[in-house]
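only the shape, not the letters, is given here:
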């Protein structure tokens, strides 16, 4: 990788970090000079990183105006979550059919621990941990995807969902059912029951869409 390519990759990762943690929030508008200042990298590298992020649907470049971070409205939320469920189903199918291994016991343990904590009391970092635990299962299922292209598309969609999640943090009332829904998926995978896993993934999708207010 050449020096310019390394700078572009650094700029892209710095941009992703700001999108994932909410420093660049859904719907935010900023100029290229402001973004260059925030990232602290050369404008050429930042410009290339922005083009890459635009190709992944994370932002839009408005000519002669600036950069608009992706909208996290109902339509985008539905599209991204439905796409994730498609990846979940395909990853699950391939894992079961090919005998793929994921850290199923560790996933179950972490989901049960977080669910039990949410039922007992609210702690300051519970919402942040819930996001991380939620992603752990989806990421594990994505390891079953058979093609590099599918894994790249999953990763791009994962970043879009991170922007969406920053608009509404997990609350205890959602953490408990979400963890139970994930545990039902995990149980189906443990039983190597593809159809049951698909049904549990679709149930999780429906409940998540309802929580986001895009399905009634």
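Yes, it's here. As the structure is a computational prediction, the values presented were derived from the model and not from experiment.

can you give me the distance of the spatially most central residue of the chain to residue 176?
Closest to where the C-alpha atoms of the chain average out (Cα atoms, centre = their mean) is residue 158, at 3.0 Å. Going from residue 158 to residue 176 by Cβ to Cβ, to the nearest Å gives 23 Å. Using the backbone N, CA and C atoms, a C-beta is placed for each residue, glycine as well.

quick check: mean pLDDT across stretch 177-186?
Averaged across stretch 177-186, pLDDT comes to 98.

now that stretch: how far from the chain's centre is it?
17 Å (Cα atoms, centre = their mean, to the nearest Å).

which residues touch that stretch?
With contact meaning Cβ atoms under 8 Å, 6 or more residues apart in numbering, stretch 177-186 is reached by 88, 92, 104, 107-108, 111-112, 114-115, 118, 130, 133-134, 137, 170, 197, 200-201, 203-204, 207-208.

other SSEs contacting the longest helix seen in the chain?
Across the chain, the longest stretch assigned as helix under DSSP state H is helix 74-98. Here helix 74-98 touches helix 126-142, helix 148-165, helix 172-190, helix 194-211, going by 3 or more Cβ pairs under 8 Å, 6 or more residues apart in numbering; DSSP states H and E.

where does the prediction get shaky in this structure?
Within the chain, the ranges that satisfy pLDDT under 70 run 1, 3-4, 216.

go again using 90 as the cut-off
For the chain, residues meeting the criterion pLDDT under 90 lie at 1-6, 64, 100-101, 119-128, 146, 166-173, 212-216.

distance of residue 157 from residue 133?
Spatial separation of residue 157 from residue 133 under the definition Cβ to Cβ is 19 Å.

that older thread, quick one: buried residues of the longest helix of the chain?
76-77, 80-81, 83-96 (16 or more other Cβ atoms under 10 Å).

same question for stretch 108-126.
Buried-residue list, stretch 108-126, by 16+ other Cβ under 10 Å: 108, 110-111, 114-115, 117-118, 126.
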